[in-house]
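Asker: Fold the following and give me the result.
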Amino acid sequence: MVFTPERNRVKLFAVAAGIPLVVVASYAPLNLVPVFGLFFIAFSLYFLWRYQDINIVISEVGLLTMGWFYLPVLLSPLVLLHSFEDGRLWVLLVLIMTMTCDSCAYFVGTAFGKHRLYPAISPKKSIEGALGGLLGAVLAAIAGHLWLLPQSSWFDCLMVGLLAGSVGQLGDLFESMIKRYANIKDSGTIFPGHGGMLDRIDSLLFSFPVVYAYLHFTSGAFL
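Answerer: Have a look, this model is predicted:
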């Protein structure tokens, strides 16, 4: 999205490096820092030797590095969450909460939205829609406690609902910001009419890490 067509070689290298980063971050997270460091050094040497335009080289290094954080690293908590006890149910709950949040935000925003949330990035989103999405995520979390994870606590489900409903919407805004920077309407053409693949998972890229982090750092204290 952000690299020009003339930078196809860099894009291919970035994708090739991103695949093993997903595997390492998902199944051997303790090795992520040294592996990431080696990839960064390798690409630093590439940029140092190959790039002639000093005015753009640092910004492109930053874009490349952000791409590794944004997709490989943010996707890996899905696998890590799945490895928990009842992990498949937690993954399903995150999916349900995020989708409910998106749907409620759309319908509430369409019906009642009057105050723009962030017009510079997403002119159609409203504060009312964001609050409706947050409420939808919390209600989905409560339903998840009743039917999916009755062994979990109300507090845990309430917290993951608040996290998925709030941070997930920030993920949507962040992806919109990238599209604004790249001056494109859709992130791809795999899903015509839906904005592309990234538009389908932008909220999940933020929801999975925060839910995993909450459950990981609380060590199941409220389960």
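
Asker: can you pull out the strands in this protein?
Answerer: 116-118, 122-126 (DSSP state E).

Asker: can you put those strands in JSON lines and add mean neighbour count?
Answerer: Glycine gets a C-beta too; all of them are placed from N, C-alpha and C. Shown next, in JSON lines, are the strands of the chain (neighbours: other C-beta atoms under 10 Å):
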{"stretch": "strand 116-118", "mean neighbour count": "16"}
{"stretch": "strand 122-126", "mean neighbour count": "17"}
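
Asker: Turn the ones you listed into TSV, columns for mean pLDDT and distance to R9.
Answerer: Formatted as TSV, the strands of the chain follow (pLDDT from 0 to 100; distance: least, C-beta to C-beta, whole Å):
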stretch	mean pLDDT	distance to R9
strand 116-118	92	35
strand 122-126	90	32
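
Asker: Roughly how far does the residue of the chain positioned farthest from its centre sit from S44?
Answerer: Here the chain reaches farthest from its C-alpha mean at Q52, the gap being 33.3 Å by C-alpha atoms, centre = their mean. Note on Q52: its distance to S44, by C-beta to C-beta, to the nearest Å, is 16 Å.

Asker: got a list of what R7 touches?
Answerer: Contact partners of R7, counting by C-beta atoms under 8 Å, 6 or more residues apart in numbering, are E60.

Asker: what about it, distance to A25?
Answerer: Counting by C-beta to C-beta, the gap from R7 to A25 is 25 Å.

Asker: now do Y70
Answerer: Distance from Y70 to A25, by C-beta to C-beta: 12 Å.

Asker: Quick check: neighbours shared by these two?
Answerer: Contacts common to Y70 and A25, judged by C-beta under 8 Å, 6+ apart, are absent.

Asker: how does the chain divide into domains?
Answerer: 1-77, 84-223 (automatic domain parsing).

Asker: What confidence value was assigned to the nearest residue to K11 once chain neighbours are set aside?
Answerer: In space, K11 comes closest to F3 once its chain neighbours are excluded; the distance is 5.3 Å by C-beta to C-beta, 6 or more residues apart in numbering. We have a pLDDT of 78 for F3.

Asker: And the one 10 residues further on, by the same measure?
Answerer: Here the pLDDT value assigned to F13 is 81.
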